[in-house]
Each structure stands twice: as C-alpha cells, then as structure tokens.
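Undergrad: below is the sequence, then the predicted model.
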Amino acid sequence: MIKKTDAYIYYDTEKDTYSLKLKAPLSVCWQITTKCNLNCKYCLSSSGCNGIYGLNTDVAKKIIKELGDLGVNRLDFTGGEPLLRRDLGELIDYAKENNISTIVTTNTTLLNKNNIEVLKKADLVQVSIDGPEDVHNAQRQSDVFDKTIENIKILKDAGCKIRLNSFLFNSNKKYVDYLIDLSNKLGVFSHLFIIFTPQGRGRNYPDEIISPEEVEVIKNKILHEKEKSNRNIRLYDYNEYIHSCVLLTPTGDVISQGFYEEDSINVGNILNDSLENLFSNEIFDHPTHIFHYLQRRINK
Ligand SMILES: C[S@@+](CC[C@H](N)C(=O)[O-])C[C@H]1O[C@@H](n2cnc3c(N)ncnc32)[C@H](O)[C@@H]1O
Ligand code: SF4
C-alpha cells in the first residue's frame, strides 16, 4: 500500500540546520485494550484481567477515520490482548478502508477458528516469543510456549504474514541466537527484537535493564546475523529512538513514548481534542520518528 504523507523540510538560517516535520506520525501504536488473559511479569502496559476494555466501536472508528485523513500509514493494534476486543475485525476492515496498513500484536493464546479469520485481515500479525520454553513461560507466568508455537504454525498455514516479536532483558539476552534460529525454523516473514523498557510492571525490575554497552553489542550481533542470513530481522530500542513511538491508550490519551515512564509525554486526549491538533505538538517533530523507519532500510 503506497500512501502520501505530508512532510516538510525546512532550513533554519539561525542554526544553519535542516529539519524535517511531518503533519502526522508515520505509524501509531494503539493499545486498544489493557485487558489481557495473561499477566506477564514485565508487561510494559501492566495489562491483565483488571485492565480497561477500551473505547467503544463508534469512537474507535471515528479515530481511525481521523488517522487516515491525517495520512498515518500504519496502525498497530496492541494491548493488552487485542483478541479480547469483539470488534477487532471491524476495526481492521475500517482501517483498510481508510488506507491504513494494519498490524495486530498478540500472544495468540486465545486463538480459535473465528478469530483466525480476523487475524487474516491484518497485513502483519506480530507474535511474542521471549525465549526458550522455560524463559518464555516464566516471563508470561503461564505455560503457553508450546501453544504459542503451535498457533504460529496455524496462523502461517492460514496465510497470515507473521513477525516474531522478542523483547530482550538481562535474563534472556543470551538467547538471541536461539530466537533467531527459532524464527528461521518457523519460516516467519520477519523478526523484531525490542530492548526491554522499564515501564508498567517492568518498572519493578530495574535489574533487567541492559546496559548501553551491552545493547550496542546486541545490536551489532543482530545486524551481523541479519547480513549473514539476509533475513528481515530488526531491532527497536526505545532509548535510541526516544519519542519515535506514538501511543494511543485505551482511554484515548496520546503519548510520545520514552524509555522510562518519566520520559513519556502525554500531549492530551483524543476525546477532548482533535488528532490533528495533538499531533502538531512539537514533540512529534522529533526527527528520530522518521529516521528510525528510514534507517532500517538504509543501514546494513
Ligand atoms: C504489551 S504487549 C501487547 C500485545 C500482546 N498481548 C503480546 O504480548 O504480544 C506488546 C509487546 O510488548 C512486549 N513487551 C512487554 N513488556 C515489555 C517491556 N517491559 N519492554 C519491552 N517490550 C515489552 C511484548 O512482548 C509484546 O511483544
Ligand atoms: S505482554 Fe502482552 S500478553 Fe503479557 S500481560 Fe502484557 S499485554 Fe498481556
């Protein structure tokens, strides 16, 4: 899907620098719910059975229309567990009608015959795997590893494009090779590594924060593996691309997400203000928002 985006490049005569500004972010992450059937130890959205269901379908569709009108290219339906939203299929369809590519990030454990059809509508299904069976199950606080692997195969056979999502923290960072090998064996479309961010319940585990030096080593390793195998492997570090992640919460807050919760900036709420106005906040002009997408293509 090719979509036009309004971007401005301007020259600052005082500073002798060029800057880039977008009318709206390229991609938006939407926690459509913080309800979840799991209760992961480090969950950055503190999701669980007591989470918030989220905005109703009519309001959600109004937001999607606004995102489409503003030129947002991609919408990641995340959570919480998006499969708990009864209207997920309707929202994906409506995003497509508004020319927005869709991702659904899911733990897959609620997969059934009906919602497979829903996930087939998405352009990409991201499935989280945190390490080998014992590591994954310990982080997920549930014995779901085997089921998740099985579900990845079912989704793949059903024709879904799958990306493995693995976030790395001190206790699982030694399994990068294992994880790359796993995604290779599963034959999935791509693999995204994310560096642990101490937000939500993750905030209680500062010992899991990987030092910047080690993050560098991990980055180089992943880059090397990517080159060697010529596979679609990526790495996202909230610390490097600070304020590049634009987050909508289940209550409609618009947040420029940082590494620590304290770095995150809440620019307002969709229920009280237009998205056009909220996105015009200067925090969203941060060039990393653009560069982290471009860099994935221009770096090695
Ligand atoms: C919050 S979950 C929501 C979607 C779905 N419930 C799942 O687990 O895939 C979105 C992604 O964030 C990852 N994640 C959870 N806690 C994290 C943390 N503290 N730092 C970085 N990523 C985290 C998850 O593994 C998952 O891939
Ligand atoms: S990481 Fe995903 S599956 Fe785990 S509690 Fe958070 S939202 Fe649920």
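TA: Looks like it arrived, so ask away. Ligands and ions are numbered 1, 2, ... in the order given.
Undergrad: avg pLDDT for the helix or strand harbouring H224?
TA: Secondary structure from DSSP states H and E places H224 in helix 212-229. For helix 212-229, mean pLDDT rounds to 92.
Undergrad: where in the stretch 201-300 of the chain is pLDDT low?
TA: Counting by pLDDT under 70, the stretch 201-300 of the chain has low-confidence residues at 286-289, 291-300.
Undergrad: show me where it has helices.
TA: Assigned by DSSP state H, counting those that start in this stretch, the stretch 201-300 of the chain shows helices spanning 212-229, 275-279, 288-298.
Undergrad: most tightly surrounded among those?
TA: Highest mean neighbour count of the helices of the stretch 201-300 of the chain: helix 275-279, a mean of 18 (counted as mean count of other C-beta atoms under 10 Å). C-beta here means a position set from N, CA and C on the backbone, and glycine is covered the same way.
Undergrad: packing partners of it?
TA: helix 57-70, strand 253-257, strand 265-269 (3 or more C-beta pairs under 8 Å, 6 or more residues apart in numbering; DSSP states H and E).
Undergrad: and S280, how far is that from V254?
TA: Using C-beta to C-beta, to the nearest Å, S280 is found at 11 Å from V254.
Undergrad: again, but for D16
TA: For D16, the distance to V254 - C-beta to C-beta - is 33 Å.
Undergrad: which of those two has more neighbours?
TA: When neighbours are counted by other C-beta atoms under 10 Å, D16 and V254 differ, and V254 comes out ahead with 23 against 7.
Undergrad: looking at strand pairing, list the partners for the more buried one.
TA: Under the criterion DSSP bridges, V254 forms beta bridges with L248, G268.
Undergrad: for it, what are its contacts?
TA: 246-248, 266-270, 275, 278-279 (C-beta atoms under 8 Å, 6 or more residues apart in numbering).
Undergrad: make it 6 Å
TA: V254 is in contact with 267-268, 278, counting by C-beta atoms under 6 Å, 6 or more residues apart in numbering.
Undergrad: I'd like these laid out as CSV, including distance to ligand 2.
TA: Formatted as CSV, those follow (distance: C-beta to the nearest ligand atom, whole Å):
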residue, distance to ligand 2
V267, 23
G268, 24
L278, 24
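Undergrad: save the residues you listed as CSV, and put in distance to D76 too.
TA: Formatted as CSV, the contacts of V254 follow (distance: C-beta to C-beta, whole Å):
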residue, distance to D76
V267, 19
G268, 20
L278, 18
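Undergrad: residues of the stretch 51-200 of the chain that sit close to ligand 2?
TA: Proximity of the stretch 51-200 of the chain to ligand 2 is confined to 79-81, 107 under the rule C-beta under 6 Å from any ligand atom.
Undergrad: let's go with 8 Å and repeat that
TA: By C-beta under 8 Å from any ligand atom, the part of the stretch 51-200 of the chain that sits against ligand 2 consists of 78-81, 105, 107, 109, 128, 140, 200.
Undergrad: do a quick rundown of the helices in the stretch 51-200 of the chain.
TA: 57-70, 88-97, 113-121, 133-140, 145-157, 176-186.
Undergrad: nearest to Y236, of the ones you listed?
TA: Y236 lies closest, by C-beta to C-beta, to one member of the helices of the stretch 51-200 of the chain: helix 176-186, at 14.2 Å.
Undergrad: that closest one - what's its average pLDDT?
TA: For helix 176-186, mean pLDDT rounds to 97.
Undergrad: quick check: buried residues in stretch 58-76?
TA: 60-61, 63-68, 70-76 (16 or more other C-beta atoms under 10 Å).
Undergrad: OK, contacts around whichever residue of the stretch 201-300 of the chain sits closest to ligand 2?
TA: When scored by C-beta to the nearest ligand atom, the stretch 201-300 of the chain has R201 as its residue closest to ligand 2, at 7.9 Å. Under the criterion of C-beta under 6 Å, 6+ apart, the neighbours of R201 are 42-43, 46.
Undergrad: for F145, same thing?
TA: F145 makes contacts with 133, 136-137, as judged by C-beta under 6 Å, 6+ apart.
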